[in-house]
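S.K.: Got a predicted structure plus its sequence, pasted below:
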Amino acid sequence: MIQKQHKKESTGHVLYRLLLILLGVSLAALAIERFLVPNQIIDGGIIGISLILDYILPEKWPFLNFATLVVLLNAPFMYYGYKQIGKTFMLSSIFGIVCLAVVERMFHHMEPLTKEPILATVFGGLTLGVGVGLVIRHGGSLDGTEILGILLTKKLPFSVGEFVMFMNIFIFGWAAFVFGLEQAMYSVMAYYIAFKTIDTVIEGLDETKAVIIVSDQYEDISDAILHRLGRGTTKLQGKGGYTDAQKEVIYAVVTRLELTKLKAIVYELDPHAFITIMNTHEVRGAKFKSAIH
């Protein structure tokens with residue numbers, strides 16, 4: 001049996017990814033040193049642990065600063081990440097983590113952008129979320145806790161999300177003892193803002209909906225969606241679970257703003273049509289954005 005050779009990533013695309021990872025790392029370092037650290041606010045995961053240890057340890061061990069800690073604590077997870085996710089992920093993550101350590105030192109002695117805790121929480125969380133989101137979107141990671149979660153949840157009755165949540169409860173509880181309860185609450189807010197921002201960056205800003213339509217008027221509906229909404233459709237073969245009769249099922253993807261118009265088109269042609277609407281994370285190909293209105 002001949003093994004198929006997969007096409008390697010072009011040098012130009014690799015450089016493009018690394019440039020965006022570097023941009024993401026720079027934003028993350030900016031958030032940490034210009035918003036979060038001056039206000040004793042932390043993030044979750046390895047970054048959060050590194051920030052707490054950076055606050056506690058340098059008096060006795062000055063070399064154990066954030067830059068050193070974030071590399072050392074992530075190192076074992078990157079090794080296991082290579083085995084679990086692959087070489088490209090590991091190399092992209094190592095590049096990102098090392099760059100984070102370097103860029104964070106560059107921002108370390110700069111004045112904070114604000115000493116107002118609410119502003120630091122909101123803008124620090126947003127900036128950190130954009131930065132980390134860019135790194136993840138382009139194939140890397142700055143935090144090994146999810147990799148640890150993937151490894152441990154194979155043997156434990158928890159999901160990766162539950163494991164990460166338990167880890168962060170411990171980290172923010174620890175922060176309450178080190179920085180005080182109020183700073184820990186700001187930290188939770190910053191983490192939540194960053195978490196939501198990461199999702200937005202990874203999934204994209206264009207909110208789209210996948211729509212499945214079951215109707216006997218499928219030909220008219222499909223034609224109307226194409227000519228009145230400017231969206232292509234895909235016809236799928238289905239079978240009724242109760243009647244066992246053959247059904248044509250229409251599948252279409254539209255933007256959030258087009259959804260109301262699509263429903264009006266469908267119910268105009270068939271008031272009894274069955275419609276299912278689902279969120280989608282990303283849509284590419286088939287000239288999706290060039291719709292006619």
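M.R.: Nice, thanks for sending it over.
S.K.: T276: which element?
M.R.: strand 274-280 (DSSP states H and E).
S.K.: which strands and helices sit next to that strand?
M.R.: strand 208-214, helix 259-269 (3 or more C-beta pairs under 8 Å, 6 or more residues apart in numbering; DSSP states H and E). In short, each C-beta sits where N, CA and C put it, glycine included.
S.K.: Name every strand pairing with it and say which way it goes.
M.R.: If you go by DSSP bridges, strand 274-280 pairs up with strand 208-214 (antiparallel).
S.K.: circling back to that earlier point, who's in contact with the strand holding T276?
M.R.: With contact meaning C-beta atoms under 8 Å, 6 or more residues apart in numbering, strand 274-280 is reached by 207-215, 253, 259, 263, 266.
S.K.: mind running it again at 6 Å?
M.R.: Strand 274-280 has contacts (C-beta atoms under 6 Å, 6 or more residues apart in numbering) with T208, K209, A210, V211, I212, I213, V214.
S.K.: Likewise for stretch 48-55?
M.R.: I42, N65, F66, L69, V70, I171, V178.
S.K.: hmm, try it at 7 Å
M.R.: If you take C-beta atoms under 7 Å, 6 or more residues apart in numbering as the criterion, stretch 48-55 is touched by V37, I42, L64, N65, F66, L69, V70, L73, I171, W174, A175, V178.
S.K.: so which of those residues comes closest to V188?
M.R.: A175 (8.8 Å; C-beta to C-beta).
S.K.: got the contact list for the closest one?
M.R.: Here A175 is in contact with I42, I52, Q183, A184, S187 (C-beta under 7 Å, 6+ apart).
S.K.: Show me those that map onto helices.
M.R.: I52, Q183, A184, S187 (DSSP state H).
S.K.: nearest residue to V37 other than its sequence neighbours?
M.R.: Using C-beta to C-beta, 6 or more residues apart in numbering and skipping the chain neighbours, the partner closest in space to V37 is L51 (6.6 Å).
S.K.: could you check the distance from that neighbour over to V122?
M.R.: L51 is 18 Å from V122, where distance means C-beta to C-beta, to the nearest Å.
S.K.: hey, where'd the helices end up in the chain?
M.R.: Assigned by DSSP H, the helices in the chain fall at 11-31, 45-56, 66-84, 87-107, 117-137, 145-152, 160-179, 181-203, 218-224, 259-269.
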